[in-house]
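Engineer: Build me a model from this:
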Amino acid sequence: MCGIVGWIDWNRDLTREGPVLDSMTGTLAARGPDASGTWISRHAALGHRRLIVVDPVGGAQPMTRERDGRSYTIVYNGELYNTPELRCKLEARGHVFLTRNSDTEALLMSFIEWGPACVERLNGIFAFGVWDETEQTLFLARDRLGVKPLFYTVREETFIFASEPKAILVHPEIRAEVDAAGLAELFFIGPARTPGQGVFKDIAELKPAHSLIFNRSGLHIYEYWSLESRPHTDDLETTAATIRKLLEDTVQRQLVSDVPVCTFLSGGLDSSAITAFAAAAYRREGMGPLHTFSVDYAGNDRHFRPNRFQPDSDAPWVRRVSEAAGTVHHYVTVDTPELLETLKTTVLANDLPGMADIDSSLLLFCREVKKEATVGVSGESADEVFGGYPWFYSKEALEGDTFPWIRMTREKAALLAPEVVKAIRPEEYIAARYREAVAEVPRLKGEDPFEARMREMSYLNIRRFMPTLLDRKDRMSMAVGFEVRVPFCDHRLVQYVWNIPWRMKSHCNREKGILRLALKGVLPDDVLERRKSPYPKTHNPAYLAATRGWLLSILDDPASPLLPLLNVPAVRRVAESGGGSFNPAWFGQLMGAAQLFAYLAQVDLWLRHYKVGIRL
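Structural biologist: Modelled structure (predicted):
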């Protein structure tokens, strides 16, 4: 995994802009701590930061190759899991490889051979740009599910792209600004922000499964892959067997690496399945025991109380799965003081306020794991693909005409300044984004109303909620130079599961019932039956007290850039009362009062650090 930047400009000689390119590339040093490189011509400048995972010697970037008198240069962030197949096909067509097994070279040669259509042949996670110096054309693409990030801005004759907004914002001609739409995403849509919308004004996100071409004729963006709805004809046993085969193959592919690989293990169904398949592959290949890692919070053994979202703690289940799979397990414990301090770090890593302690603990977790490994394999995204969240089973959510994870809109609006609410029009904004999402759903002719509604719910989760969680995992892991892979995002698996009828998907009236059936014999029966438990959060009251104190200090600071956005008396009342009115959540399933306090404090930090201008 790496960080990429690029700058195309028809009106200036970029060979004179090396220092700017270096500054842009340098902002992504955490994503690629192992090497750095730049490439500049008159109208194109490309930068790359490298995290070495595959082919340490041959995979340096930017990488240039020539064919038929044309010159192509690539910058690439990601991992291809079908590199051997691609190399075989390309060599049969006369291509000569200069590296041992670099997926970067395989990707560049694929573009040279098949052009923009090469993305249809890729199995992997990626965001990349190829500059055709001869044709003066830039091609960008992002993976199908949005595992790897890619942002861009276009201003008349100038186009700039990067893995993260911070690399764009360091350009001397770009300012950090937010308009009403950005504030709506920040305060009401978030954390599941609208793909492509962005928060910073004029900095857009290339949507998952989209490609982009920029040349002197202008900008052209198009979708190269989408979910296809068609009748599911496999019976129950065949469906379960197919899921198992696809998942096993996907995990096997994603273990490829020239550096140490581990798995994240919570003891839940998803991470346990990944761990079981990975451990079995290690045994087959004689690679020694697999190393696994889990995270928890200091004091949770005393403060944890079961609830409907988190019915039990992970620790006993982690031990159960590790022993069954024969892994070497490592426990990572996060304490409250470092959790609080890292709330600030995560804003800078994410370029936005985020999920507060959930983000902080993930970053701290990855930092510890990085001491032992460079690549982790995670069970992320199974809940979106297989329908594991509580809202899939909620009558209120299914009958609601909105995103099921967006809640307490009026209560949130009451905490903002009236003029801000008037500019945002939150209920109208949310409704418009929801209508857009539902309109995208690929329908199946003749499907009964219940199955059609469940298809809608699946689409909302895969195409709206999941990209944000994937972005979170990318940003928090790459902030410490650690790569995370997500087998449940393999597009073959996602496409197959997409068309499984809900009544089969929820086999035995259980969340992810078909996945449980597919894993019969792979995992112990008690692990198969464990109820869903989300990513762990702190239950320490000291965390709530500290975030409350942080927010109150901001409210007392007349220089705070957050205050003009708030209904300060209303926020102060909530903070002084301990935030009880905001339980159970500021958003989604997460902690209520502490989430509210930390999120608003992060917004203040974000406004200050990025010197964000507000344009309503």
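Engineer: Listing partners with orientation, what would you give for the longest strand that the chain contains?
Structural biologist: Ranked by residue count, the top strand of the chain under DSSP state E comes out as strand 70-80. Within its sheet, and counting by DSSP bridges, strand 70-80 is paired with strand 63-67 (antiparallel), strand 124-132 (antiparallel).
Engineer: Compare these and report which one is nearest to residue 476.
Structural biologist: Checking these against residue 476 by CB to CB gives strand 124-132 as the closest, at 15.8 Å. Placement of C-beta: from N, CA and C, glycine included.
Engineer: how about the helices of the stretch 301-450 of the chain, start to end?
Structural biologist: Under the criterion DSSP state H, counting those that start in this stretch, the stretch 301-450 of the chain contains helices at 315-325, 336-350, 357-369, 382-386, 395-399, 409-413, 418-424, 426-440, 449-460.
Engineer: Show me what the fourth one is packed against.
Structural biologist: To tie it back to what came earlier, the one meant is helix 382-386. Judged by 3 or more CB pairs under 8 Å, 6 or more residues apart in numbering; DSSP states H and E, the packing partners of helix 382-386 are helix 269-285, helix 466-478, helix 491-498, helix 513-518.
Engineer: now this protein, which segments are flagged as low pLDDT?
Structural biologist: Along the chain, the model assigns pLDDT under 70 to residues 300-312, 536, 580-591.
Engineer: mind giving me the domain ranges of it?
Structural biologist: As given by automatic domain parsing, the domain ranges for the chain are 2-223, 236-528, 541-615.
Engineer: Reformat those domains as JSON lines; add distance to residue 535.
Structural biologist: Below are these laid out as JSON lines (distance: least, CB to CB, whole Å):
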{"stretch": "domain 2-223", "distance to residue 535": "13"}
{"stretch": "domain 236-528", "distance to residue 535": "6"}
{"stretch": "domain 541-615", "distance to residue 535": "9"}
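Engineer: want to try TSV for these, with distance to residue 230 and mean neighbour count as columns?
Structural biologist: Listed next are the domains of the chain as TSV, based on distance: least, CB to CB, whole Å; neighbours: other CB atoms under 10 Å:
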stretch	distance to residue 230	mean neighbour count
domain 2-223	17	20
domain 236-528	6	19
domain 541-615	32	19
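Engineer: Looking at these, spot the one closest to residue 229.
Structural biologist: Distance to residue 229, taken as CB to CB, is lowest for domain 236-528 among those, at 4.2 Å.
Engineer: What is the end-to-end distance of the closest one?
Structural biologist: 17 Å (CA to CA, to the nearest Å).
Engineer: Quick check, residue 108 in contact with residue 72.
Structural biologist: Yes. With contact defined as CB atoms under 8 Å, residue 108 counts as touching residue 72 (6.3 Å).
Engineer: Common neighbours of those two, please.
Structural biologist: 65, 130 (CB atoms under 8 Å, 6 or more residues apart in numbering).
Engineer: any idea how far the following helix or strand past the longest strand of the chain is from the chain center?
Structural biologist: Using DSSP states H and E, the helix or strand that directly follows strand 70-80 along the chain is helix 83-92. From the chain centre to the centre of helix 83-92 is a distance of 29 Å (CA atoms, centre = their mean, to the nearest Å).
Engineer: Please apply the same query to stretch 324-332.
Structural biologist: With CA atoms, centre = their mean, you get 25 Å for stretch 324-332.
Engineer: Check stretch 6-19 too.
Structural biologist: Centroid separation between stretch 6-19 and its chain, computed with CA atoms, centre = their mean, is 31 Å.
Engineer: next one: stretch 445-463
Structural biologist: Using CA atoms, centre = their mean, the offset of stretch 445-463 from its chain centre is 23 Å.
Engineer: same thing with stretch 432-447?
Structural biologist: Averaging C-alpha positions (CA atoms, centre = their mean) puts stretch 432-447 23 Å from its chain's average.
Engineer: thinking again about what came up before, output the helices and strands packed on helix 382-386 as TSV; include the columns distance to residue 4.
Structural biologist: Shown next, in TSV, are the helices and strands packed on helix 382-386 (distance: least, CB to CB, whole Å):
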stretch	distance to residue 4
helix 269-285	27
helix 466-478	12
helix 491-498	22
helix 513-518	34
